[in-house]
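Chemist: Next comes the sequence, and after it the predicted model I'd like to discuss.
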Amino acid sequence: MANLSIIDKLKRSKILDLLQEGKRIDDRALDEPRPLVIDIGVIPHANGSARVRLGDTEIVSGIKVQPDRPFPDMGDKGIFMCTAEILPLAHPSAETGPPQPDVIELARVVDRGIRESGMIDLSQFVLEKDKSVIGLFADSVVTDHDGNLFDACSYASVAAIITSKIPKWEMKDDIPVLIENQESDAPITTIPISVTMGRIGEFIIVDPNIDEWGCLDARITITTNSDGNIVALQKGGSDGFTLEQLVKCSELSITIGKKIREIVKQATEGGK
C-alpha cells in the first residue's frame, strides 16, 4: 500500500472498522459488486460501442474495424488491440499528456483478458495470409472514475465487441477493397468476464470503489471464460495474498463472473 495522508489513514481506519462488522462504506456486502448498467450503440458511427456504469464509474468503449497488415509471426490471424484513456474530467488525479503507468496497465489487463480467452476467432479475419487481415481495435474512455476501472473497462469492451458489425473486404490486385452494404457479426467464441478483488488487512472485497481502492494492500483481477475457466490474472499492489485468499478470489471470480456474464448477455442480445 502506498504512503497515506492523515485523511487517508482516517478513511482506512473507518473502512477497516466497518469490515470488522462485515460492512462496507457504501453498504455493500464484502462479496457484492456495484450495480452494473450497460447501454449499447452509444457511438453511431463506430463499428460497435457500449457505455458501462459500474456504480459511479462510467466508461465508453468504441470499436474500429479496418484492414491492416498482420503481425510478422501471426500471418494467419487478424489483429486485436485495446487502448484506454482517462479524461481529465473523470477524476482530479487524471492528467493530460502521455499515458500514465496505471492507464497502460488498464489497457493491457483488459486486452489480455479478452485475447487469452480467445473471445474473437481471429482466424476468420484473414483476407490474404501473411499479407492482409482485418484489425479490430477497442478504444475505451473513462468519463467518471469511482474505482475499479479494470472491470468497467473490460465489460464495456466486451459488450462493444459482441455487438460490433464487421464490414466485408475482398482482395483485388493485392489491395483490400470494401464491399458496400455487406457486414457480419463478430466471430465470438466466448464471453470473458473479469472480477477485481482487493485485500484490506485480512479482508477480501469485490469491486472496490474509489475510497476502498486507495486503501488496498493488494488487488487481483481474474478473468474467466463462458465455461468458468480462468484465462487471465493480474496482481497489483505492494503486498500479497495467502494461498487461502487466492483460492477464495478464484472461487469468487467464477461465481460472480457467471452473474455478470448474464447481465452482459441480456444487454447485448438486442444489439446484434
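Modeler: All right, it came through fine. Residues are numbered from 1 along each chain as shown.
Chemist: quick one: the strands in the stretch 101-250 of the chain?
Modeler: Using DSSP state E, counting those that start in this stretch, the strands of the stretch 101-250 of the chain run over residues 126-128, 132-144, 165-172, 175-185, 193-200, 203-206, 218-224, 230-236.
Chemist: most remote residue from this structure's center?
Modeler: Asp173 (38.7 Å; Cα atoms, centre = their mean).
Chemist: ok, now which ones touch the most centrally placed residue in the chain?
Modeler: For the chain, Ser154 is the residue whose C-alpha lies nearest the centre (Cα atoms, centre = their mean; 1.4 Å). Going by Cβ atoms under 8 Å, 6 or more residues apart in numbering, Ser154 touches 109-110, 113-114, 192-194, 223. Where C-beta positions appear, they are placed from N, C-alpha and C, glycine not excepted.
Chemist: do Ala160 as well
Modeler: Neighbouring residues of Ala160 by Cβ under 8 Å, 6+ apart: 40, 46, 48-50, 61-63, 138.
Chemist: so who does the residue farthest from the centre of the chain touch?
Modeler: Contacts for Asp173 (Cβ under 8 Å, 6+ apart) come out as none.
Chemist: can you give me the helices for this structure?
Modeler: Ranges of helices in the chain, per DSSP state H, are 6-20, 101-117, 149-162, 210-213, 243-268.
Chemist: Next, count neighbours for Asn229.
Modeler: Around Asn229 there are 11 other residues, counting by other Cβ atoms under 10 Å.
Chemist: Over to Gly198?
Modeler: For Gly198, the neighbour count with other Cβ under 10 Å is 24.
Chemist: Could you number the chain from 20 rather than 1 from now on?
Modeler: Right, with 20 as the first residue, what we last looked at is Gly217.
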